[in-house]
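S.K.: need coordinates for the below:
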Amino acid sequence: MSSEWQNRIHEYCKAWTTDSGHPDFDRLAMFYAMDSDVVIYDSLPPLEGFAGFAEMRSIYPGLSRLSVSPNQDLQVKFLAEGQVAVTVFTSRMAYAFEDGSEFEVNARHTDVWEKRNNQWLIVHEHPSTVINLSKAE
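M.R.: Predicted structure coming up:
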């Protein structure tokens, strides 16, 4: 896979990672289209996701730390004559909350990117977590 896309995903995950309780939304904004109809799902509530990047700024009340570490399994598929890209990768996500609770999950990420003014922007995002069935029983 191209190092350009590997670097983009690495920087995207780095922007989500925080020790302050709030991801760097100003830095994250460079990855997202600012349209109000962009749907952004998350592995935490709300179930219906967020309508646009601005609404996403309210996520994770009580979060004290988040780490997003991408694995080396990135796949990229180009559509619409190279103007749309779909990225798929997995990661390890570690959460810590102000109440002292912590948990880690394996996650899958699917992002749809659109090339606008020679810049790739996320126009739809959908992560999902992978449940460890051996621990669920």
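
S.K.: ranges for the helices of the protein?
M.R.: Taking DSSP state H to define them, one finds helices in the chain at 3-16, 25-28, 53-56, 133-136.

S.K.: can you give me how far the first one is from the chain middle?
M.R.: Spelled out, it's helix 3-16. 10 Å (C-alpha atoms, centre = their mean, to the nearest Å).

S.K.: which other helices and strands contact that helix?
M.R.: Counting contacts by 3 or more C-beta pairs under 8 Å, 6 or more residues apart in numbering; DSSP states H and E, helix 3-16 packs against helix 25-28, strand 63-70, strand 84-97. Heads up, the C-betas are built off the backbone N, CA and C, glycines and all.

S.K.: would a markdown table of these with distance to residue 124 and mean pLDDT be doable?
M.R.: Below are these laid out as a markdown table (distance: least, C-beta to C-beta, whole Å; pLDDT from 0 to 100):
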| stretch | distance to residue 124 | mean pLDDT |
| --- | --- | --- |
| helix 25-28 | 15 | 90 |
| strand 63-70 | 18 | 91 |
| strand 84-97 | 9 | 94 |
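
S.K.: between those, which one is nearest to residue 57?
M.R.: Of all the helices and strands packed on helix 3-16, helix 25-28 sits nearest to residue 57, with 5.2 Å by C-beta to C-beta.

S.K.: so for the closest one, what gets flagged as buried?
M.R.: By 16 or more other C-beta atoms under 10 Å, the buried positions in helix 25-28 come out as residue 28.

S.K.: now do it: distance to the chain's middle.
M.R.: 12 Å.

S.K.: before we move on, back to that, just the helices of the chain: most buried one?
M.R.: Mean neighbour count (mean count of other C-beta atoms under 10 Å) peaks for helix 53-56 among these, with a mean of 17.

S.K.: ok so, going back, output the helices of the chain as TSV; include the columns distance to residue 62.
M.R.: What follows is the helices of the chain, written out as TSV (distance: least, C-beta to C-beta, whole Å):
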stretch	distance to residue 62
helix 3-16	17
helix 25-28	17
helix 53-56	16
helix 133-136	24
